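**Q** I'd like to go over a predicted model; first the sequence, then the structure.
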Amino acid sequence: MADFWKRFSRNRGAVIGIIILAIVVLVAVLAPLLFPQSPWRMVQRPFLPPLAMEQYPLGTDALGRNVISGLAYGAQVSLLVGLVSTVAALLIGIPIGALAGYFGGWVDDALMRFTEFFQTVPSFALAIVLVAIFEPSIQSIIAAIAIVSWPPVARLVRGEVMSLRSREYVEAAILSGQTNLTIILRQVLPNTLSPIIVLASLMVATAILLESSLSFLGLGDPNMMSWGYMIGAARTVIRQAWWLSFFPGVAILLTVLALNLIGEGLNDALNPRLARRGK
Amino acid sequence: MLRFILMRLGKAAIILIAIMTLNFFLIHAAPGDPAAVMAGEAGAADAKFIAQLREQFGLDKPLLVQLGIYLKGVLQFDLGFSYRQQMPVSQLILDRLPATLLLTMTAFVISLLLGTMAGVLASARVGKWSDTAISSLALLFYATPLYWAALMAVLLFSVYFNWLPGFGYETVGANYTGLARALDIGRHLILPATTLGLFFMAVYMRMTRASMLEVSQLDFVKTARAKGLKSSIIQRRHIFRNAMLPVVTLAGLQAGQLVGGAVLTETVFAWPGIGRLMFEALAQRDYNLLLGVFFVSAAMVLLFNLITDILYRFVDPRIRVA
Amino acid sequence: EPVTGGRANVVIQPEPPSLMMGLVQNGPTQMVAGQIYEGLLRYDQKLQPMPQLAKSWDVSEDGLTYTFHLHDNVKWHDGKPFTSADVVFSADVFLRETHARLRTSLEHVESITAPDDTTVIFKLKEPFGPFLGIFEAGTMPMVPKHIYEGTEYKSNPANNTPIGTGPFKFKEWVKGSHILLTKNEDYYEEGKPYLDEIYWHIIPDAASRAVAYETGVVDILPGGSIENFDVQRVSEMENTCITDKGWEYFGPLSWMWLNNREGPTADKRFRQAVMYAMDRNFARDALWNGLGKVAKGPVSSSTRFFSDEVTNYDYDPEKAKALLAEMGYKGETVRLLPLPYGETWQRWAEAVKQNLDEVGINVELVSTDVAGWNQKLAEWDYDIAFTYLYQYGDPALGVARTYLSTNIAKGSQWNNVEGYDNKEVDALFDKAAVAVTAEERQKLYTEVQQKLVDDVPVAWLLELGFPTIYRCNVKDLVTTAIGVNDGFKNAYIEK
Amino acid sequence: MMDSVTEPVLQIRDLKIALPEGADRDFAVDGVSYDLNAGEILCIVGESGSGKSMSANATMGLLPELVRPVGGEIVFEGKDVLKLSDSEMIDLRGRKIAMIFQEPMSALNPLMRVEDQIAEVFEAHNLLTPRERKRRAVELLTEVGIPDPSKAARAYPFQLSGGQRQRVMIAMALALEPKILIADEPTTALDVTTQAQILELIRNLQETHGMAVMFITHDFGVVAEIADRVAVMQYGKIVESGTADEVLDNPQHPYTQKLIAAIPKLAAEPSEVPADKAPILEVEGLNKTYVTGGGMFFSNARVVHAVNEVNLTLREGETLGIVGESGSGKSSVGRCLVRLMDPDSGTVKLAGQDMATLTGSALREARKSIQMIFQDPYASLNPRSKVGQIIAEGPMAHGVSKTEAYSRAVKLLELVDLDALAIERYPHEFSGGQRQRIGIARALALEPRVIIADEAVSALDVSIQAQVLDLLADLKERLNLALIFITHDLRVAAQICDRIAVMQKGKIVEMGPAHAIFDNPQNAYTRTLIEAIPGREKELAAAG
Ligand SMILES: Nc1ncnc2c1ncn2[C@@H]1O[C@H](COP(=O)(O)OP(=O)(O)OP(=O)(O)O)[C@@H](O)[C@H]1O
Ligand SMILES: Nc1ncnc2c1ncn2[C@@H]1O[C@H](COP(=O)(O)OP(=O)(O)OP(=O)(O)O)[C@@H](O)[C@H]1O
Ligand SMILES: [Mg+2]
Ligand SMILES: [Mg+2]
């Protein structure tokens, strides 16, 4: 573990990523303390430009709401959506991939056809349909994102498990009398962890982007202030109030960037071949 | 080979039917129906009128019967009729398909070419500043929300500089023909295709880079160097070809999603394509049309899976024989 | 002096599903197809009838017989002559089946007959005050009998190449891109129309539509084509004119349905509190760019028989709080359905939610797309819901339907969705519809307006202003009560 | 040929190669000097990681990234190779100095035809026309003795066997008649018979072309077979060098002595076969056929009859060796015995109970008495489990309590000579030999009566290999285990087995007491196998 951190922290990008992400998380957690008022509250005249008033350093939006407060609360939603949907996607994808890869044969065939179905409809289109069906709300958005993003997880896990399944230590576990479930849980899955972690860090980023794209099309949760919502709402006034889409855009960009950097850092740190090189 | 293709096509047809069945139920799970939407637009309608519409559209029949009718149509290559647009679905889709394919194919080709090129370049200079620059740029493209980039591109290139048209497929009413028309469409294509391509360009770049680095560690590369080959030849002939295998897989996956993958871009750039058609069909619960779009998209995905596999056999002799 | 020639580039939003106006009557269809199809009459901006296909008309003393005299040189776009038989087919056969709004009005009609090729007689069962108001193109478009008689209307292939009598003919429609109409050289009014062609540009994104005007691709932005936030900036451009006229016939009035059946909204005091809690002036200024008016009550000020002698609900949060305290509202959550028609409406719902929050009403926004919204209203599955409706110039056509208890029925959102049930109001509306003189009708409608405003069955918001923005050298575009919808008949472009 | 008066073609002087930070030591090669003379074969020996490959790679300018020569020189044709420019270096490679590598599977580009890969060598140095290059390719393939060379030229690497691939590599290296051929463990991945062929090929080619060969290996048998001179490396230094006879017969340095002592002796001791002991494992009519490739209806599938009517009996306390070349079906038999794979037919009786019919928990129960030790000490331990868990898992799966299982694990670790503290450590913190001991401890944890060891020492260096073999022999004695020892290394088999079964193409062609097999093989195949053992002649000569 210590070794891992050493390797990880050698990667400058990854460290920057961690720092950015830590800041975003901190802001999200502290939002209610930093901005006790609801971010929906109309506090000043609409379209107050940034820096015009000290209390509203990033200005106000079309209804006179405080942009910086929106950004802070938006961090909550965006991170929540990113994390929960990724976890959900992992919870669907890992078991399916593991079963398919471990048992092979018709189990594999059936599960993979099932997985294929979710890939025949373009993922963004499928997300739109799902959100429309369940009506936009934070739950349905998370569910939709999870549903469209698990197939790659399943495929990855399946591939890994298939190659691990014939490893000697798995055979040793079979011989020692462990049940299939124990073997999958104890011997196989832990060893697929590193590619999954790397993939997951990218999925969080993609989920944040997906939520914002849905919001942009008006399919966001109307009770939740998210960055995607802020950009979507700012689209129509982009000409008279650049800052309304600029700041949340930058926030998304930075967060996604951070997650990517972390993902790449993990990738390098977990890759034994690369581990030796690079200072 | 031919037998392989036929087998795969047969299998694909069965999968397609299953997919359409699932899609059918999925779509019908959404609240509201086309009759209500259409009645709504008329600005007035009583329940009787709406019931009459439902009957005309066959929506009063049990769901399973509707499914049966739909699948029967599909088996006879009939995607049904869009009552809302008063046209056969196939015609609506065929009208829109060229525009979408033009846009997405262009974006696809641009992203694939530039992405792999940049990836190769970066991998050749790994650790140097040009690698850092390319990688950072790719990360930036990857992280920028597509629609945001699109809006910014329109503002910059269309409004402030007025260099490029910011929306539409061609200059409406200009009635260009021949080359002039092609050029006109080309100009309209630049902004949407580029913004759409940015994300995938980033993906291809990163993948190519990683794959090149991975392959360059393999033993046969050492063999090639021991032969006294120049590193440019090693890069091209040995590393690149092997590194392209995963990229081909990804490209196949993306190519399959080209049909419906551009909803946002088509919306921002007023591009008359399938993505928007799908979005509108969904909003209006135009069941047949929506299913039709899904059908075409699923068929495309399966087709490109097949093409990828064939391509793979072409690139990788190991699979060809196995 | 009108100049002949030229091309108009107009934005159309959203893309119409079809141009066959007898079958589809949504906004964009009416706007484009209004140049292709015609009704018997048009209306000026005071809602007075003007000749169109009918060059003159008489009304009998008892108000039961309406006789129309048609032009005798009218041809369909395919060259076939237009006759009284087409009128009878359209009104009595085709539209009775397909036109949801018209068929309600036609229930007052006993018979429609054509004694000769240029005369049509409508006989009513009883007097119907607004009857002369149902003959514009969107309400009663004339469709060609020779094409539709005996066919399945909805799937007739001719729907894709609409044939009308109007000043412009259908030329081409590239789906998702544009619609092209060209001048009808054989138009029956000498010298008209002036323009050679009209391009309707389909641009789905509001910001892009503004860009289209700014970059000179289009010259005319009909009401509602760009977001309100953009109106001021665009209208301040050089050579740009703006008018909010041309909506008199529709008189679009926005309100929030309040579910009168159950929940806190069933209490009159709660509904009044909602009226006091909303800062409608702010909404108009911030969201509607200052256009439009704060609504007094159920009747729009441009509609006939409007009265302002009603209770005023000015922004007064304190009064709202007092009313809520009085009724004993305990903070039950109410669901608010925004109108899924774009950003302005979304923002408006957020603003209202905020207004209500501030007086202590707990609001949860429920988001849906158009289909879901339709369904929820039709199934009465809401507490508060945004909407806006047209008035069609007369309370009997566009107002009464919302409040009559006989109009309470599930399955449609164009009736008494809120479930307001007041026999007095029913009686007043019924009497006013069949009263013969205008004075009598005014008296009855004033009374009904007062009663309704006190009861607050729905929470009225704004009389909406949908400004048309156009280059100033486009002349005579908006001259009637339906504005652009039949405006290109007279429009010309100054060089 | 052993006249060492010839000029050195390559002189390595004080070579020092630095490893990147974080490596196991600072210098991969530390002050190494040696000469390579024209027309001789110089063997560099030493255990894994001693720096053999590094010095060879430095000569080719093919050091891995971040590994840099930091001192000394490599003189070739009067110039220091380390100071050559890139283009000079490229010109040198392939033309003057050629190299072949250990892994024939991965050393060829999988996507290119063999002829193209050979032709590339000419292309790299701008020689011949494209047509001539292809012709030469076929000639070269003929020279290295590939059957049907023109067909092999059109083949892709995956269509060739390991030995054939290595021949292709050699053909490639010979293409431009280089002065020096560097061979980095070129036969380690091959089975004995193929290895013998390749060694002979190299020897012959060296003689006909008069090249100098630098041959890297860790196998002293190979050294005995081929070397003119030997240099022994340890921890980046050369500890001893001299002619092959000097070093092998009369090693001076203790490390060399230790290495040579660890080589299993070929002669098997006549061991007393415990004929009175009861049979514990009886195998009858075992068959296993693999069908690969081919979908439902099309493409011709590959059918391999990997186990063909195999009959075996194993008595308590006995060690049965299964030997045979690669692909002869040894592992398949082993896997059928423990039911990691279902045989197509035949019975496997373990202490009288038929394993083949068991399923589910009954099978798990029965497996307690038959365990396996795996070949690869790296791949057979779960890298994410602690050693204690690895050993205790088995008993726990059979209902032993956690504390009990762990205390037993500690005892087992002591039994295999490991510290009790090892239970808290992860596998990667151990050396290869130690890991193999952990694997043995795991197999013993369930107190089995039969252990199957599939190439259990093949991946280990000779010195460590010797330790593990000793341990196994000792344990067998103490615990009264029956052992099936699968190996392709006949020396190892000779050392440890009571009886030996020789397999060829899925069949047992000969079976009998170990000494009988070695001294007096009956079967022709057995004889080729024994003759192919590297260093055998020399050993016989020395003994005789
Ligand atoms: N790519 C590399 N990067 C860093 N260190 C390396 C690399 N390859 C090998 N080493 C280290 O260099 C030292 C010498 O390695 P070398 O490959 O020369 O050993 P070897 O004697 O050839 O062993 P083997 O018999 O296993 O091939 C070892 O300590 C090894 O860990
Ligand atoms: N899972 C499998 N599928 C198909 N063929 C297989 C499989 N495993 C082994 N074979 C084939 O069966 C034959 C016997 O293989 P096996 O592994 O038993 O040989 P072995 O004697 O253990 O060889 P080695 O010394 O290389 O380990 C070989 O030809 C091999 O290619
Ligand atoms: Mg080595
Ligand atoms: Mg084996």
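**A** Now that the structure is in, tell me what you want to look at. Ligands and ions are numbered 1, 2, ... in the order given.

**Q** If we ignore the residues flanking it in sequence, what's nearest the residue of the stretch 301-450 of chain D found nearest chain C?
**A** Nearest residue of the stretch 301-450 of chain D to chain C: residue D:384, at 45.0 Å (C-beta to the nearest C-beta). C-beta: built from backbone N, CA, C; applies to glycine. Nearest non-adjacent residue to residue D:384, counting by C-beta to C-beta, 6 or more residues apart in numbering or on different chains: residue A:190, 4.4 Å away.

**Q** ok, how many other residues are close to that neighbour?
**A** 14 (other C-beta atoms under 10 Å in any protein chain shown).

**Q** What helix or strand is it located in?
**A** Per DSSP states H and E: residue A:190 is located in helix A:189-216.

**Q** Next, the buried residues of that helix.
**A** Within helix A:189-216, the residues scored as buried using 16 or more other C-beta atoms under 10 Å in any protein chain shown are A:189, A:191-192, A:194-196, A:198-216.

**Q** thinking again about what came up before, pull up the gap between the residue nearest to residue D:384 and residue A:104, please.
**A** Relative to residue A:104, residue A:190 is positioned 20 Å away (C-beta to C-beta, to the nearest Å).

**Q** Same question for residue B:272.
**A** Residue B:272 is 46 Å from residue A:104, where distance means C-beta to C-beta.

**Q** Then residue C:492?
**A** From residue C:492 to residue A:104 the distance is 76 Å (C-beta to C-beta).

**Q** And for residue D:334?
**A** 22 Å.

**Q** Which one's more surrounded, the two?
**A** residue D:334 (21 against 14).

**Q** Tell me who's in contact with that one.
**A** Counting by C-beta atoms under 8 Å, 6 or more residues apart in numbering or on different chains, residue D:334 makes contact with D:322, D:372, D:452, D:454, D:484, D:486.

**Q** Kindly report the same for residue A:114.
**A** So residue A:114 contacts residue A:96 (C-beta under 8 Å, 6+ apart).

**Q** quick check, it in a helix?
**A** Yes - membership of residue A:114 in a helix is supported by DSSP: H, G, I helix; E, B strand; the rest coil.

**Q** which one is the residue of chain A found nearest chain D nearest to, not counting chain neighbours?
**A** Chain D sits closest to residue A:176 of chain A, with a gap of 3.1 Å, by C-beta to the nearest C-beta. Leaving aside its chain neighbours, residue A:176 sits nearest to residue D:394 (3.1 Å; criterion: C-beta to C-beta, 6+ apart).

**Q** for residue B:243, same thing?
**A** Residue B:243 sits nearest to residue B:211 (C-beta to C-beta, 6+ apart), 4.0 Å away.

**Q** Distance-wise, check that neighbour relative to ligand 2.
**A** 28 Å (C-beta to the nearest ligand atom, to the nearest Å).

**Q** so which strand or helix has that residue?
**A** With DSSP H and E as the test, residue B:211 turns up in helix B:178-215.

**Q** Quick check: what element follows that helix along the chain?
**A** Downstream of helix B:178-215, the next assigned helix or strand under DSSP H and E is helix B:219-226.

**Q** Can you give me the distance of the residue in the stretch 101-250 of chain C that chain A sits nearest to to chain D?
**A** Per C-beta to the nearest C-beta, residue C:227 is where the stretch 101-250 of chain C lies closest to chain A, at 4.0 Å. Taking C-beta to the nearest C-beta, to the nearest Å as the measure, residue C:227 falls 56 Å from chain D.

**Q** so who does that residue touch?
**A** Contacts of residue C:227 by C-beta under 8 Å, 6+ apart are A:236-237, C:206-207, C:210, C:342-344.

**Q** and these, which of them are in helices?
**A** C:206-207, C:210, C:343-344 (DSSP state H).

**Q** Report the entries of those residues that also contact chain A.
**A** C:206-207, C:210, C:343 (C-beta under 8 Å from any C-beta of the partner chain).

**Q** could these go into CSV alongside neighbour count and distance to residue A:93?
**A** Shown next, in CSV, are these (neighbours: other C-beta atoms under 10 Å in any protein chain shown; distance: C-beta to C-beta, whole Å):
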residue, neighbour count, distance to residue A:93
C:206, 22, 38
C:207, 25, 37
C:210, 26, 43
C:343, 21, 36
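
**Q** can you tell me which of the residues you listed lies nearest to chain D?
**A** For those, the nearest to chain D is residue C:207 (49.2 Å; C-beta to the nearest C-beta).

**Q** Surely that closest one touches residue A:232?
**A** No - Residue C:207 lies out of contact with residue A:232 (C-beta atoms under 8 Å); the separation is 11.5 Å.

**Q** show me what contacts residue 72?
**A** No chain was given, so I picked chain A. Residues counted as contacts of residue A:72 (C-beta under 8 Å, 6+ apart) are A:27-28, A:30-31, A:34-35, A:39.

**Q** that's the wrong chain, I wanted chain C
**A** Shown here is residue C:72, whose contacts under the criterion C-beta under 8 Å, 6+ apart are C:117-118.

**Q** mind checking how far it is from chain D?
**A** In terms of C-beta to the nearest C-beta, residue C:72 sits 77 Å off from chain D.

**Q** Any figure for the gap between that residue and residue C:17?
**A** In terms of C-beta to C-beta, residue C:72 sits 35 Å off from residue C:17.

**Q** Then residue C:438?
**A** 38 Å.

**Q** what about the two, which has more around it?
**A** Set residue C:438 next to residue C:17 and count neighbours by other C-beta under 10 Å: residue C:17 wins out with 23 against 11.

**Q** tell me the secondary structure for the more buried one?
**A** Residue C:17 ends up coil, using three-state DSSP.

**Q** is it true that it touches residue B:85?
**A** Yes - because the distance of 5.3 Å satisfies C-beta under 8 Å, residue C:17 is recorded as touching residue B:85.

**Q** domains in chain B, as residue ranges please.
**A** Chain B breaks down by automatic domain parsing into domains covering B:2-89, B:91-321.

**Q** Output the below-cut-off pLDDT ranges for the chain.
**A** Assuming you mean chain A. Scanning chain A for pLDDT under 70 picks out the ranges A:1-3, A:271-279.

**Q** oops, chain D please
**A** Looking at chain D by pLDDT under 70, you get D:1-6, D:22, D:267-275, D:292-302, D:540, D:542-544.

**Q** at 50 instead, please
**A** By pLDDT under 50, the low-scoring segments of chain D are D:1-4, D:294-299.

**Q** How about residue C:43, nearest residue that isn't a chain neighbour?
**A** residue C:481 (4.1 Å).

**Q** Stretch D:322-337 close to ligand 2?
**A** Yes - Stretch D:322-337 reaches ligand 2 (C-beta under 6 Å from any ligand atom) through D:324, D:326-332.

**Q** Now, the residues you listed that are in helices?
**A** D:330-332.

**Q** The residues you listed into JSON lines, with extra columns for distance to residue C:90 and neighbour count?
**A** Formatted as JSON lines, these follow (distance: C-beta to C-beta, whole Å; neighbours: other C-beta atoms under 10 Å in any protein chain shown):
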{"residue": "D:330", "distance to residue C:90": "92", "neighbour count": "26"}
{"residue": "D:331", "distance to residue C:90": "87", "neighbour count": "20"}
{"residue": "D:332", "distance to residue C:90": "86", "neighbour count": "24"}
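
**Q** Show the backbone phi and psi for residue D:104.
**A** Dihedral pair for residue D:104: phi -70, psi -20, per degrees, to the nearest 10.

**Q** er, residue D:181 I mean
**A** phi -120, psi 120.

**Q** Now that it has come up, it's in contact with residue D:214, right?
**A** Yes - with contact defined as C-beta under 8 Å, residue D:181 reaches residue D:214; the gap is 7.3 Å.

**Q** Point me to the residue of the stretch 151-300 of chain B nearest chain C.
**A** residue B:272 (2.6 Å).

**Q** for that residue, what are its contacts?
**A** Contacts of residue B:272 (C-beta under 8 Å, 6+ apart): B:96, B:99, B:168-169, B:266, C:174-177, C:202.

**Q** And residue D:482, by the same measure?
**A** D:280-281, D:314-320, D:449-451.
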